[in-house]
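1. Sequence plus the predicted model coming up.
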Amino acid sequence: MFDKKGRERIIPIPDSLVQELRRFQAQLGGIGDGWLFPCADGSGPWPREIFGEQLLVAEEKAGLEHLKGGAWHPFRRKWATERKDLPLVDVKATGGWRDTNTLLTCYQQTDEASMLRVMEAPRKLRSVG
């Protein structure tokens, strides 16, 4: 897959997701190992801008309020925050972040459950310093 900067990334996905995507592709009339969202002329996948446009259309049709903070960024924040307990290097690579600082300061957010775990599990030191 190529990201918005034109870098190729290959991200492994679980078999259960592959099966779900294939079912979805079949519902859309797609076949085989082609693009999940192909251009009408078959030249490749949709341009990335179309995904943002289609998200707005889907929100409107579903009667959902648009989430603050961008088109897909709120979903990426949720995804990153749900993975705070996993190795940072793997979350960064899988989510497509180039630098850890952006992931930590803009995407992973505090949540009450994580803060409670911090408070409940202090590490006892014999001495300070």
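-> All right, it came through fine. Computed from a prediction, not measured in an experiment: that's the story for all the values here.
2. list the contacts for residue 81?
-> The contact partners of residue 81, by CB atoms under 8 Å, 6 or more residues apart in numbering, come to 107-109, 111. C-beta coordinates here come from the backbone N, C-alpha and C atoms, glycine included.
3. can you tell me the helix or strand for it?
-> Counting by DSSP states H and E, the element that carries residue 81 is helix 73-82.
4. Helices of the chain, start to end?
-> Ranges of helices in the chain, per DSSP state H, are 15-27, 48-62, 73-82, 88-95, 100-102, 112-120.
5. can you list those helices in JSON lines and add distance to residue 38?
-> As requested, the helices of the chain are arranged in JSON lines below (distance: least, CB to CB, whole Å):
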{"stretch": "helix 15-27", "distance to residue 38": "10"}
{"stretch": "helix 48-62", "distance to residue 38": "11"}
{"stretch": "helix 73-82", "distance to residue 38": "22"}
{"stretch": "helix 88-95", "distance to residue 38": "24"}
{"stretch": "helix 100-102", "distance to residue 38": "31"}
{"stretch": "helix 112-120", "distance to residue 38": "39"}
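6. could you dump the ones you listed to a markdown table with distance to residue 128 and mean pLDDT?
-> Output for these, formatted as a markdown table (distance: least, CB to CB, whole Å; pLDDT from 0 to 100):
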| stretch | distance to residue 128 | mean pLDDT |
| --- | --- | --- |
| helix 15-27 | 46 | 89 |
| helix 48-62 | 50 | 93 |
| helix 73-82 | 31 | 96 |
| helix 88-95 | 26 | 95 |
| helix 100-102 | 28 | 95 |
| helix 112-120 | 18 | 92 |
